[in-house]
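Asks: Quick check, what structure comes out for this input:
(2 chains)
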There are 2 protein chains.
Amino acid sequence: MGAYEIEIERTSSPKEKPQGEALGFGRFFTDHMFLMDYDAGEGWHHPRIVPYGPIALDPAAKAFHYAQTAFEGLKAYRTDEGRILLFRPRSNLARLNRSNERLSIPPIDEELALRALKELVRLDRDWVPSEPGTSLYIRPFIIATEPALGVSPSRQYRFVVILSPVGAYYAQGIRPVSIHVEPDYVRAVRGGLGAAKTGGNYASGLRAQEGAAEAGHAQVLWLDGVHRRYIEEVGSMNVFFRIGDAAVTPALGGSILAGVTRDSAIRLLRSWDVPVEERAISIDEIVEAHESGGLKEAFGTGTAAVVSPIGELHWRGERRVVGGGETGELCRRIYGSLTAIQYGRAPDPFGWTEPLDGQP
Amino acid sequence: MGAYEIEIERTSSPKEKPQGEALGFGRFFTDHMFLMDYDAGEGWHHPRIVPYGPIALDPAAKAFHYAQTAFEGLKAYRTDEGRILLFRPRSNLARLNRSNERLSIPPIDEELALRALKELVRLDRDWVPSEPGTSLYIRPFIIATEPALGVSPSRQYRFVVILSPVGAYYAQGIRPVSIHVEPDYVRAVRGGLGAAKTGGNYASGLRAQEGAAEAGHAQVLWLDGVHRRYIEEVGSMNVFFRIGDAAVTPALGGSILAGVTRDSAIRLLRSWDVPVEERAISIDEIVEAHESGGLKEAFGTGTAAVVSPIGELHWRGERRVVGGGETGELCRRIYGSLTAIQYGRAPDPFGWTEPLDGQP
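Replies: The predicted structure is shown next:
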């Protein structure tokens, strides 16, 4: 068998699919998963689809100790006609290789990985839900598996893809959330891991997120680690502000993730002739824009929610309601346009959707 | 059975112990490991010693995705009389709980964990090597095991302790190493994870370490992420400089690890009436001290090597030989005194060593 042929072992005991109940996010997993191994010398090999099940690793596997890992998140959507569309999978796989580079993980073959994604989704296609707003979340990830405690890049890895049917993020309609602007904890800093999609950035955010939740806020707005002044991300999403007529979002300076939804939003906005500024934005500028009435909207962008409007910002003890606490016009328009493309209900002028091969 | 009784399942197939060959660091593991589980509601439960073997986790386990992990590293030493001494285990377990706090991991019972460490080492005591300079490395670690992709603290964890017989770090005698001062990559920043012993800090250092190794250097000297000027750590060790008659080491400002060996070195130095300054040290100060002849020594401290003398520093294209490229007096004295205490060859005025219970 060639190195690029994907071996398939079908499950003999398909699981019950969650029915009618709240799917939530990332709580149910399909019948199969994709695996591929790497050994120094041999390279990536043995791509295969197997029944979903536990991964057994030596307790000394480097992923457990040194977080040498990278991951991605993307979605497949079921159209009204029952076709299945992946959204920008090539962008996610290209980013996975950029994360790999930062984490000293050997690059994967993006074409093979795309084929694996499609083959896996095709095999588990009955798991792609059809209720409004639902989708199939795809989680490719790579973990260092060499059982050795020396601090150095692993000589063995496993690439895994798992699938999770996820519920509508906005089952009750889009609702703006309350955000805590974090003064102390830092998510990532230039020179660090912030631009890579890797576990450490998420571990680093948990404590602040817990504190914000205890105070009744949905998420944290992260400021930069150098000046503690420039806005970086909101929760694990990129963030946009509408100031006057322009959409403003932090520039990709090495400490924030180059979100695929961020990029999609920017391209949509520009196609509508909305001026987009990618630049440094200080929290002081946001406060001033709020006080002068220039701050019209604030929202996050990410794969899970598509957009998440910010209804209020809490900073230095002050509560600042944004856009009257309502979902703003740009946010709503991005949500409508992106989801219409994702579900195949609108033309796809950017070529973002990718149908499964060989589907009707 | 009480929650605090440690169940023991002995291996039925003990492994060959590595004989005479180079043990290296963290490559061989003993016959048993300690496990304990956590579930929200139930708390930590089911402490047990079982045969060393693979850990099977759901592929959605949060440790794989969000690096919600913490670990420790300490050692057991065999004395000339065959007794086994743990070195400062309580300090490491206290630090594990500080890491847990930062990572939103529920605290462990330090007394139970100490008992577990001792019971595990006692069971595998024949694995503690006796050749000069060898020891048994103890790696306690905690991983988030809940199979759920939402970014939030896990509701399930596993605490694991594994043991690895390790070789003499300085089989050929202490040898000073060449160090690359890193101008671009950052290990950690204040407000981030730097003070916690968690995977993300190590993942973040791999790329720079690879670059340094390619250029012929043993390790990276990390500068702070804010000013890119103040010295933080060397590789995964704390760092000391002897400037004039004083030992100077970076203060614990939240971005560096509070090393147990660092603390031991400071207390030894003070007991010798060597002035110790814990404060900010810029790379410019080191350059100036080098040029004026005031920089007498530089060395790292850590559990694996105890001390690691720095023979040369490479910064902005310049090679600066420290202490004539030889191991300095303070470094050598700390090494001699610490190892004498660790191997039970000298009195232990600080109460740092902890014998196994019930050993002869």
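Asks: Just list the residues touching residue A:85, thanks.
Replies: Shown in contact with residue A:85 (C-beta atoms under 8 Å, 6 or more residues apart in numbering or on different chains): A:76-77, A:79, A:342-344, A:353-355. Where you see a C-beta, it was placed from the backbone N, CA and C, and this is true even at glycine.
Asks: which stretch of helix or strand covers residue A:209?
Replies: In the assignment (DSSP states H and E), residue A:209 maps to helix A:206-214.
Asks: Give me the helices and strands touching that helix, please.
Replies: Packing partners of helix A:206-214 (3 or more C-beta pairs under 8 Å, 6 or more residues apart in numbering or on different chains; DSSP states H and E): strand A:177-181, strand A:219-223.
Asks: Check the contacts of residue A:85 and tell me the two furthest apart.
Replies: Using C-beta to C-beta, these reach their maximum pairwise distance at A:343 and A:354, which is 13.9 Å.
Asks: CA-only coordinates of stretch A:237-254 in CSV, if you can.
Replies: Listed next in CSV are the C-alpha coordinates belonging to stretch A:237-254 (Å, rounded to 0.1, in the frame of the first residue of the first chain):
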residue,chain,number,x,y,z
MET,A,237,-11.9,34.9,19.0
ASN,A,238,-10.5,37.8,16.9
VAL,A,239,-12.2,41.1,17.7
PHE,A,240,-13.6,43.9,15.5
PHE,A,241,-14.8,47.4,16.4
ARG,A,242,-16.9,49.7,14.3
ILE,A,243,-15.6,53.2,14.9
GLY,A,244,-17.5,55.7,12.9
ASP,A,245,-17.8,54.1,9.5
ALA,A,246,-14.7,52.0,9.6
ALA,A,247,-14.3,48.4,10.9
VAL,A,248,-11.1,48.3,12.9
THR,A,249,-9.4,45.1,14.0
PRO,A,250,-6.0,44.4,15.6
ALA,A,251,-3.2,43.8,13.0
LEU,A,252,-1.5,40.4,12.9
GLY,A,253,1.6,41.3,14.9
GLY,A,254,2.7,37.8,16.0
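Asks: Let me see the mean pLDDT of it.
Replies: Mean pLDDT, computed over stretch A:237-254, is 97.
Asks: before we move on, back to that, what's the most buried one of the helices and strands packed on helix A:206-214?
Replies: Ranked by mean neighbour count under mean count of other C-beta atoms under 10 Å in any protein chain shown, the helices and strands packed on helix A:206-214 are led by strand A:219-223, which reaches a mean of 25.
Asks: So that one, near chain B or not?
Replies: No. Legend: contact between strand A:219-223 and chain B by C-beta under 8 Å from any C-beta of the partner chain is lacking; minimum distance shown is 9.1 Å.
Asks: Going along the chain, name the helices of chain A.
Replies: Ranges of helices in chain A, per DSSP state H, are A:62-66, A:89-102, A:110-123, A:199-203, A:206-214, A:260-271, A:283-292, A:329-342.
Asks: what's the closest of those helices to residue B:337?
Replies: helix A:62-66 (29.6 Å).
Asks: Switch the helices of chain A over to a markdown table; also include mean pLDDT.
Replies: Listed next are the helices of chain A as a markdown table, based on pLDDT from 0 to 100:
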| stretch | mean pLDDT |
| --- | --- |
| helix A:62-66 | 98 |
| helix A:89-102 | 98 |
| helix A:110-123 | 97 |
| helix A:199-203 | 98 |
| helix A:206-214 | 96 |
| helix A:260-271 | 98 |
| helix A:283-292 | 98 |
| helix A:329-342 | 98 |
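Asks: May I see those helices arranged in TSV, with mean neighbour count as well?
Replies: Converted to TSV, the helices of chain A look like this (neighbours: other C-beta atoms under 10 Å in any protein chain shown):
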stretch	mean neighbour count
helix A:62-66	29
helix A:89-102	19
helix A:110-123	19
helix A:199-203	29
helix A:206-214	18
helix A:260-271	20
helix A:283-292	16
helix A:329-342	19
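Asks: Which among those helices is found nearest to residue B:56?
Replies: Of all the helices of chain A, helix A:62-66 sits nearest to residue B:56, with 12.8 Å by C-beta to C-beta.
Asks: right, and residue A:201 touches residue A:186 too?
Replies: No. With contact defined as C-beta atoms under 8 Å, residue A:201 does not reach residue A:186; the gap is 10.6 Å.
Asks: Chain A - how does it break down into domains?
Replies: A:7-166, A:177-342 (automatic domain parsing).
Asks: residues in contact with the residue nearest to residue A:183 when sequence neighbours are not counted?
Replies: Distances taken as C-beta to C-beta, 6 or more residues apart in numbering or on different chains put residue A:228 closest to residue A:183, at 6.9 Å, once the chain neighbours are dropped. Neighbouring residues of residue A:228 by C-beta under 8 Å, 6+ apart: A:183, A:186, B:191.
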